[in-house]
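What shape does this take:
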Amino acid sequence: MCAIALELQRRGHIVILFGVPDALDKVSSLNIATQEIGTSDYPKGSVDSAYRTLGKLTGKAGLQFSIDFFKRETQMFFRETPQAIRQADIDVLVIDQISSSMATVADYLGLPFITVCNAMLINREPAVPPYSTHWAYSTTPWARVRNRLGNALVDYLTRDLWQVTVEQRREWNLPPYQKRGDAYSPLAQVCQLPEAFDFPREHLPDHFHYIGRFQDPSGTEPISFDNTDFPFERLNGKPLIYASLGTLQNQRPEIFECIAKSCLPLDVQLVISLGNPKAPIIELPGNPIIVPFAPHQKLIERSKVVVTHAGMNTVLTALGCGVPLVAIPITNEQPGIASRLARTKAGKMLKLSQLSEMSLRTAITEVLSESSYRNNAKKMQRIIQELGGVDRVADIIEKAAQTRQPVTGQSGS
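Below you'll find the predicted structure:
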């Protein structure tokens, strides 16, 4: 979202990022106006604490924790954002798809809004598995039944969260939603996945746009911390394996240990980012370079293979650099991202239940030695480069704001 904000600002628009204190701290180095919300509900340090808890969870437990977190966040949005948005004299809202409750705020204020899929798009279709599963794409009748049951389970697990929005729309005398997808923008929906990376789709609206990675043209990494120095002088020229479990699922030392052990017999150099500048350095087998927080882009550009939890930013950064991956999905949308990665053959997926020193070493060796993985990653790199990125997102937002009509057109390839 920050890259989009920077592009809009470059075009002369006044941009304000609304967020809780912990979120805004991470973008404090960017020259963008911010507005704190949720200060009493989410005082400084509380979101980071929640992330540390989430980082220890997997599967359904991690999903349920996220649902509970988003429920509290939704309640806060409804209480605080209408007044904050009015005071800031906002004309257009750009809303993360995961924060779809803000669509109700937009409707209440009579403002146009654009939906941005920063993470995995969650638009539903019969042949597309639920985003939180590692299920393969299939158009067979049994797969469609499986997907319908999976989505029904997601609806059941998130029923309390959804009910908050249902009740708020009733309180504000807004038309009730007929389905969950009604919370997505009727003007424009933009997604940073390339269409070639997603499962085949048949029912996306004409105003849905596959854009490609939201990267600032300057190469700026929007999430910044004071302590991001990296000892590049220690890189020894051997094939570089970069391992990161992101900024959320980084509380799993046993996974880092497995990664380190799997690389011990290989003639490679391993770099591990712990994903948090405050994380204490841990001791691991071999001699990997371990840092609390790494300059993500610069290390991925130098890597031969990226080992990841299949977070969207890491996967798209690697593919944007033409680097293949080994994905170990942990929770939330990561299994869905990893299954798409496996389908493109730009990397391998290793389920958490399959993870062992031997299985990971085999996967890394295969991706490192078989040129098809790098060739497929390079193919994805070319596709991402051709899609337009944040420049095209800004064009779409400007047109939607000006015309207040659906922005349709070629959605990419």
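
rest of the way, CA atoms for contacts and neighbours
Fine.

and residue 241, what is it in contact with?
The contact partners of residue 241, by CA atoms under 8 Å, 6 or more residues apart in numbering, come to 268-271, 303-307.

swap in residue 78?
Contact analysis of residue 78 by CA under 8 Å, 6+ apart lists 102, 105, 168.

From the contact counts, what lies against the worst-scoring helix or strand of the chain on mean pLDDT?
In the chain, the helix or strand scored least confidently by mean pLDDT, DSSP states H and E is helix 46-54, which has a mean of 79. Here helix 46-54 is seen to pack against helix 21-25, helix 59-87 when contacts are counted using 3 or more CA pairs under 8 Å, 6 or more residues apart in numbering; DSSP states H and E.

How far off centre is it?
Relative to its chain's centre, helix 46-54 lies at 17 Å (CA atoms, centre = their mean, to the nearest Å).

now stretch 51-62
That offset, for stretch 51-62, works out to 16 Å (CA atoms, centre = their mean).

Helix or strand for the residue sitting nearest the centre point of the chain, just tell me which one.
Centroid check for the chain by CA atoms, centre = their mean gives residue 119 as the closest residue, at 3.2 Å. Using DSSP states H and E, no element contains residue 119; it sits outside every helix and strand.

And residue 348, by the same measure?
Taking DSSP H and E as the criterion, residue 348 maps to strand 347-349.

So in that sheet, which strands flank that strand, and in what orientation?
strand 325-327 (parallel) (DSSP bridges).

and the next helix or strand after the strand it pairs with, what's its mean pLDDT?
As assigned by DSSP H and E, the chain's next helix or strand after strand 325-327 is helix 334-344. Helix 334-344 shows a mean pLDDT of 96.

Return the set of buried residues in helix 334-344.
334-344 (16 or more other CA atoms under 10 Å).

Wait, residue 208 touches residue 408, no?
Yes. At 7.3 Å, residue 208 counts as touching residue 408 under the criterion of CA atoms under 8 Å.

what's the overlap in contacts for these two?
Counting by CA under 8 Å, 6+ apart, the residues touching both residue 208 and residue 408 are residue 188.

Dig out what residue 306 forms beta bridges with.
Bridge pairing for residue 306 - DSSP bridges - gives residue 242, residue 325.

now it: how far from residue 93?
Noted for residue 306: a distance of 35 Å to residue 93, by CA to CA, to the nearest Å.

Off-centre distance for the strand holding residue 348?
18 Å.

what does the next helix or strand after it contact?
Downstream of strand 347-349, the next assigned helix or strand under DSSP H and E is helix 357-369. Helix 357-369 is contacted by residues 258-259, 261-263, 304-305, 324-326, 347-348, 350, 373-374 when judged by CA under 8 Å, 6+ apart.

Residue 272 bridge partners, please.
Residue 272 has these beta-bridge partners by DSSP bridges: residue 243, residue 290.

right, and it touches residue 243 too?
Yes. With contact defined as CA under 8 Å, residue 272 and residue 243 form a contacting pair (4.8 Å).

The two - which one has more neighbours?
residue 243 (27 against 21; other CA atoms under 10 Å).

quick one: that one from residue 366, how far?
Residue 243 is 16 Å from residue 366, by CA to CA.

just residue 159 next, same as before
Residue 159 is 42 Å from residue 366, by CA to CA.

and what of residue 101?
In terms of CA to CA, residue 101 sits 43 Å off from residue 366.

out of these two, which sits in the more crowded spot?
Legend: neighbour count by other CA under 10 Å for residue 101 and residue 366, higher for residue 101 (27 against 16).

For that one, give me its contacts.
74, 77, 165, 183.

Sketch out the low-pLDDT regions of the stretch 301-413 of the chain for me.
410-413 (pLDDT under 70).

make it 50
The stretch 301-413 of the chain contains residues with pLDDT under 50 at 411-413.

now the chain
411-413.

hmm, back to that, secondary structure and neighbour count for the contacts of residue 78 - can I get that in CSV?
Converted to CSV, the contacts of residue 78 look like this (DSSP: H, G, I helix; E, B strand; the rest coil; neighbours: other CA atoms under 10 Å):
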residue, secondary structure, neighbour count
102, helix, 25
105, helix, 23
168, helix, 18
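
Tabulate those (JSON lines), appending distance to residue 359.
Putting the contacts of residue 78 into JSON lines (distance: CA to CA, whole Å) gives the following:
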{"residue": "102", "distance to residue 359": "43"}
{"residue": "105", "distance to residue 359": "48"}
{"residue": "168", "distance to residue 359": "49"}
